[in-house]
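Participant: Build me a model:
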Amino acid sequence: MGRVTVRRPVLRIAADGTRSRPDVLAAEEPMEIRVDGRPLSVTMRTPGHDVELAHGFLLTEGVIHDREQLSTARYCDSPGPDGRNTYNVLDVVLAPGVQPPDASVARNFYTTSSCGVCGKAALDSVRLTTRHSPAADPLTVTAETLIGIPDRLRAAQRVFDTTGGLHAAGLFSGDGELLVVREDVGRHNAVDKVLGWALLAQRVPLAGCVLMVSGRASFELVQKAAMAGVPMLAAVSAPSSLAVDLAAEQGITLVGFLRGRSMNVYTGAERIVTKNIAG
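Facilitator: Purely as a prediction, here's the structure:
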């Protein structure tokens with residue numbers, strides 16, 4: 001299995017002089033996802049929780065909507081220069097009767113660690129394929145609970161503490177309990193790992209849950225939340241205009257700039273109880 005961190009030499013330049021020393025970096029390696037032996041996607045990710053990543057990716061691309069639709073997931077032989085398996089190719093086998101990805105999904109696309117798949121075609125895909133609409137979810141969360149979530153997420157970021165170079169996604173209950181956290185060089189990968197965990201735990205649709213991300217709220221992350229039935233998405237940074245539009249269409253509460261004791265609520269404000277916020 002690939003390492004989550006690697007060491008590289010660095011020249012440190014500061015006011016008190018320069019010195020060479022090793023630095024700990026977040027690992028970034030390609031992972032190819034195959035379905036029934038056929039390549040589907042290559043994503044740049046931090047190794048670890050790869051089975052969750054594949055499950056979450058297939059869920060949010062509309063290929064599957066239930067854990068039972070996949071039979072097995074196994075690493076293929078993918079030797080590196082030293083002849084050892086890199087564990088960078090994962091093949092998932094669909095259960096009997098499950099349709100393989102159609103041409104709109106099975107396009108062998110490449111996904112970088114900084115950006116996933118976006119565009120009008122993906123927006124239409126969410127409207128057509130999500131089976132877990134969060135629009136009617138009765139979740140309510142107090143503003144005080146939301147204010148405490150970023151610190152809980154940050155406290156659980158073990159690899160970030162070492163490298164300073166990973167995004168995080170965390171799933172929380174409506175009362176602020178941390179259910180799971182995943183880290184990755186790609187924000188979309190971190191979310192896929194969280195949603196894959198939920199799918200494997202048979203918790204999808206994620207009614208009554210809050211998905212918290214450590215960066216901005218993009219269109220793609222709102223799309224992923226919609227596919228898993230997440231009623232509330234919160235981010236420490238800004239959302240994009242398409243993210244706000246899609247959240248409104250899907251009935252998702254979208255919170256941005258959740259920092260300190262303030263936040264901006266862009267959609268679905270009725271789910272947030274604002275009384276008795278301490279100063």
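Participant: Tell me how far residue 29 lies from residue 157.
Facilitator: Applying C-beta to C-beta, to the nearest Å, the value for residue 29 to residue 157 is 20 Å. (Glycine included, C-beta is placed from N, CA and C.)
Participant: quick one: the helices in the stretch 101-250 of the chain?
Facilitator: Counting by DSSP state H, counting those that start in this stretch, residue ranges of the helices within the stretch 101-250 of the chain are 120-129, 143-155, 158-163, 187-200, 219-227, 241-250.
Participant: Any chance of JSON lines for those, columns mean pLDDT, distance to residue 67 and mean neighbour count?
Facilitator: Formatted as JSON lines, the helices of the stretch 101-250 of the chain follow (pLDDT from 0 to 100; distance: least, C-beta to C-beta, whole Å; neighbours: other C-beta atoms under 10 Å):
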{"stretch": "helix 120-129", "mean pLDDT": "52", "distance to residue 67": "17", "mean neighbour count": "14"}
{"stretch": "helix 143-155", "mean pLDDT": "95", "distance to residue 67": "25", "mean neighbour count": "17"}
{"stretch": "helix 158-163", "mean pLDDT": "68", "distance to residue 67": "27", "mean neighbour count": "16"}
{"stretch": "helix 187-200", "mean pLDDT": "97", "distance to residue 67": "5", "mean neighbour count": "27"}
{"stretch": "helix 219-227", "mean pLDDT": "94", "distance to residue 67": "14", "mean neighbour count": "27"}
{"stretch": "helix 241-250", "mean pLDDT": "95", "distance to residue 67": "23", "mean neighbour count": "20"}
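Participant: Between those helices, which one is closest to residue 79.
Facilitator: Minimum separation from residue 79 across these (C-beta to C-beta) falls at helix 187-200, 23.7 Å.
Participant: who does that closest one touch, helix- and strand-wise?
Facilitator: With contacts defined as 3 or more C-beta pairs under 8 Å, 6 or more residues apart in numbering; DSSP states H and E, helix 187-200 has these neighbours: helix 50-60, strand 167-173, strand 178-184, strand 209-213, helix 219-227.
Participant: Would you mind getting the angle between that helix and helix 50-60?
Facilitator: With axes from the mean of the first three to the mean of the last three C-alpha atoms, to 10 degrees applied, the angle from helix 187-200 to helix 50-60 works out at 90 degrees.
Participant: ok now helix 187-200, how far from the chain's centre?
Facilitator: Distance of helix 187-200 from the chain centroid (C-alpha atoms, centre = their mean, to the nearest Å) equals 5 Å.
Participant: okay, the angle between it and strand 178-184?
Facilitator: Interaxial angle, helix 187-200 versus strand 178-184 (the same axes, to 10 degrees): 140 degrees.
Participant: sorry, back to before: export the helices and strands packed on helix 187-200 to CSV and tack on distance to residue 145?
Facilitator: Listed next are the helices and strands packed on helix 187-200 as CSV, based on distance: least, C-beta to C-beta, whole Å:
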stretch, distance to residue 145
helix 50-60, 25
strand 167-173, 8
strand 178-184, 12
strand 209-213, 8
helix 219-227, 18
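Participant: do you know which of the ones you listed lies nearest residue 272?
Facilitator: With C-beta to C-beta, the closest approach to residue 272 among those belongs to strand 209-213: 10.4 Å.
Participant: got the contact list for that closest one?
Facilitator: By C-beta atoms under 8 Å, 6 or more residues apart in numbering, the residues outside strand 209-213 that reach it are 139, 141, 146, 149-150, 153, 167-174, 179, 187, 190-191, 194, 221, 225, 230-236, 258.
Participant: Let's see that with 7 Å instead.
Facilitator: Contact partners of strand 209-213, identified using C-beta atoms under 7 Å, 6 or more residues apart in numbering, comprise 141, 149-150, 153, 169-174, 187, 191, 221, 225, 230, 232-235.
Participant: just stretch 261-269 next, same as before
Facilitator: For stretch 261-269, contacts defined as C-beta under 7 Å, 6+ apart pick out 146-147, 239, 244, 247-248, 251-257, 272.
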